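[1] Pasting the sequence and the predicted model now:
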Amino acid sequence: MAESAPEGWTDTERELWEAFRQGEIFDRRSGRANTDDPFGDAPWGPERMVSAEVLAHLLLAGPEPVAGRVASLRMSGVTVTGALNLAGGHIERYVELRGCRFEHKILVSEASASTLRMIDCLIPRIEASRLSTTGDLHLARCRIPEGIRLTDARIGTDLLLNQAVVGGDRFGRAISADGMTVHQDFEAERLETHGELSVATARIGGRFSLRGAQLHCDPQNSRTCLNGVRLNVSHTLYLTSSADGGWSGSRGYYGSGYGQSPPPGAPSTPFRAFGQVRLSDSRFDAACLISGEFHLEGDDELSLRRIHTPELRFTCRVRPTGTVSLSRARIGNLVDRPDSWPRGKHLGLTGFVYENLRPVEPFTVRQRIAWLEGSSVDFQPESYEQLAAAMRRDGADDDAREVLYAKQRRRRQTLPLPARIWGLAQDVSVGYGYRPGRAGAWLLLAWALGSLWFTTHPMDPLKADERPHWNPVLYTLNQLLPIVDLNQGAWNPGGITQWISAGLVVIGWLLASTVVAGATRLLQRG
């Protein structure tokens, strides 16, 4: 391999050639912040310009390193002229570009590389479909106004897009990463997109963090700002806040906020979605944490349909303005707040299955019932059964009975008029069997009224030659308690008294059985 740069290269490019062989940083920064800002308007002269063909030559057919050195492309404060085309190539050398400007898009589709790091760079567009790396792909704090294409890419370790600002392509997509595989973490904290972020069918081997991200849809093309249909995350999805401290001026790859949740009361930037969020049919093997702001319009939806995760934390401080759907989702722990869920029939809970309820704030049974009845569909008995079962697992039997009672009352509204009338009678009298105290009160009232009647209407004995002692209070109680004999059967009711005695027997069978059942449950809990 030649020891000197090819003919026709500029002096700046020859210096880059030598820095590449030495493995040194080719730094053209002036040291003045306003001049070195890659996103500013300050012009950079020819001493800071390198042709994209030169970079391609170095990366695909570069010189051997100086003895004892490791060749690498490490540049700072450089303008790259022309389109950098590395498509289909094999990039063996380490690449790290900081604070650089690219005049045209970067093409690395079908290429293979070890680690690619571009930090604080201005890049019109990145075409990297089916890119394969054995190491990281870092695009932290970059500005990419025409979007990134990472469809079916394979990232060997981490993918970092922290604090990047990405615009949309002509189809309204900011990041197209459908089918992508990231073997470790996908960190996009404080990412700002203006167009759809699509990671449908992607597989993330570690965490997928969008803490503090600001996702905007392109309403001219699509109302979706995050498309994660059939996404598979082996650890945790974060749609949560990012602590403000440490991000401003951070020069590290990650930023000091990496992996941190803001402490209570600390200044933070919430995750915000301005458009539809689709996570249907996705799996999160550790947890799915959602506490951001969802600004949804019209038919926009936060879709969590059919997701699977051991824990869903839904603790938004601002109610979503559109629909949240959990239809047929299956989770372990549901961690939530009463004020996190949308109102006005904008909640889908059809077939929603959860094992345990773990609210972070008091969530009364009345609020839980209102949560169910705020669902966007008509009466669904299985939703009440699911809630009651979860409460029983937590030992809240009384709350479970309250839920089942609410189910019966809600069901009554769907029945024909005769059935509604009968249901209302059951509700008023015994509370569908879930209000034994109400049945006891009716029983006491019947006892008092019966005793009053029989006090003023004594009866004749069955046998004229016998004169048993007449006790109207015990006689009424004997009629009301069908399985108890108080030795009051020696009397012969007649006329209207006979009908009242029969009525007391019927009332006793209806009410006493409910009271006994309630007392039995109380003794069993004791």
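    Nice, I can see it.
[2] Would you list the phi and psi of the spatially closest residue to Trp44 that is not a sequence neighbour?
    Nearest residue to Trp44, sequence neighbours excluded (C-beta to C-beta, 6 or more residues apart in numbering): Thr79, at 5.0 Å. Any C-beta I mention is one placed from the backbone N, CA and C, and that applies to glycine too. Per-residue torsions, Thr79: phi -100, psi 130 (degrees, to the nearest 10).
[3] try the one 3 residues further on
    Torsion angles at Gly82 (phi, psi; degrees, to the nearest 10) stand at phi 80, psi 170.
[4] Val108 versus that one, what's the distance?
    15 Å (C-beta to C-beta, to the nearest Å).
[5] So for those two, which residue has more residues nearby?
    Val108 (28 against 15; other C-beta atoms under 10 Å).
[6] Pull the contacting residues for that one.
    By C-beta atoms under 8 Å, 6 or more residues apart in numbering, the contact list for Val108 reads Leu86, Ala87, Gly89, Ile91, Leu116, Ile126, Glu127, Ala128, Leu131.
[7] residue contacts, the fifth one?
    With contacts defined as C-beta under 8 Å, 6+ apart, the neighbours of Leu116 are Ile91, Val95, Val108, Thr133, Gly135, Asp136, Leu137, His138.
[8] Save those residues as TSV, and put in pLDDT too.
    Below are these laid out as TSV (pLDDT from 0 to 100):
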residue	pLDDT
Ile91	95
Val95	95
Val108	97
Thr133	97
Gly135	94
Asp136	94
Leu137	96
His138	95
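[9] For ChimeraX, write the selection for the buried entries among those residues.
    Buried residues among the contacts of Leu116 (16 or more other C-beta atoms under 10 Å), as a ChimeraX selection:
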select :91,95,108,133,136,137,138
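[10] Check the contacts of Leu116 against Ala329 and report the nearest one.
    Distance to Ala329, by C-beta to C-beta, is smallest for Leu137 among the contacts of Leu116, at 31.5 Å.
[11] from what I can see that closest one touches Leu159, true?
    Yes - between Leu137 and Leu159 there is a contact at 5.1 Å, judged by C-beta atoms under 8 Å.
[12] Can you list the low-confidence ranges for the stretch 201-350 of the chain?
    For the stretch 201-350 of the chain, the stretches with pLDDT under 70 are 246-263.
[13] Of the contacts of Val108, which is the nearest to Leu60?
    The closest of the contacts of Val108, once distances to Leu60 are taken by C-beta to C-beta, is Gly89, at 4.8 Å.
[14] gap between Trp499 and Gly508?
    Separation of Trp499 from Gly508 (C-beta to C-beta): 15 Å.
[15] now do Arg93
    Arg93 is 93 Å from Gly508, where distance means C-beta to C-beta.
[16] Who has more neighbours out of the two?
    Comparing Arg93 with Gly508 by neighbour count (other C-beta under 10 Å), the higher total belongs to Gly508, at 23 against 19.
[17] okay, the contacts of Val108 in CSV with distance to Glu13 next?
    Converted to CSV, these look like this (distance: C-beta to C-beta, whole Å):
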residue, distance to Glu13
Leu86, 17
Ala87, 22
Gly89, 19
Ile91, 19
Leu116, 21
Ile126, 23
Glu127, 24
Ala128, 25
Leu131, 26
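[18] mind putting these in JSON lines, secondary structure included?
    Output for the contacts of Val108, formatted as JSON lines (DSSP: H, G, I helix; E, B strand; the rest coil):
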{"residue": "Leu86", "secondary structure": "coil"}
{"residue": "Ala87", "secondary structure": "coil"}
{"residue": "Gly89", "secondary structure": "coil"}
{"residue": "Ile91", "secondary structure": "strand"}
{"residue": "Leu116", "secondary structure": "strand"}
{"residue": "Ile126", "secondary structure": "strand"}
{"residue": "Glu127", "secondary structure": "strand"}
{"residue": "Ala128", "secondary structure": "coil"}
{"residue": "Leu131", "secondary structure": "coil"}
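[19] Could you identify which of those residues has the most neighbours?
    Ala128 leads the contacts of Val108 on contacts (other C-beta under 10 Å) with 30 neighbours.
[20] from memory it sits against Arg149, does it?
    Yes - counting by C-beta under 8 Å, Arg149 is a contact partner of Ala128 at 6.1 Å.
[21] Check whether Ser383 sits in a helix, strand or coil.
    Secondary structure of Ser383, per three-state DSSP, is helix.
[22] Many thanks, I have nothing further to ask.
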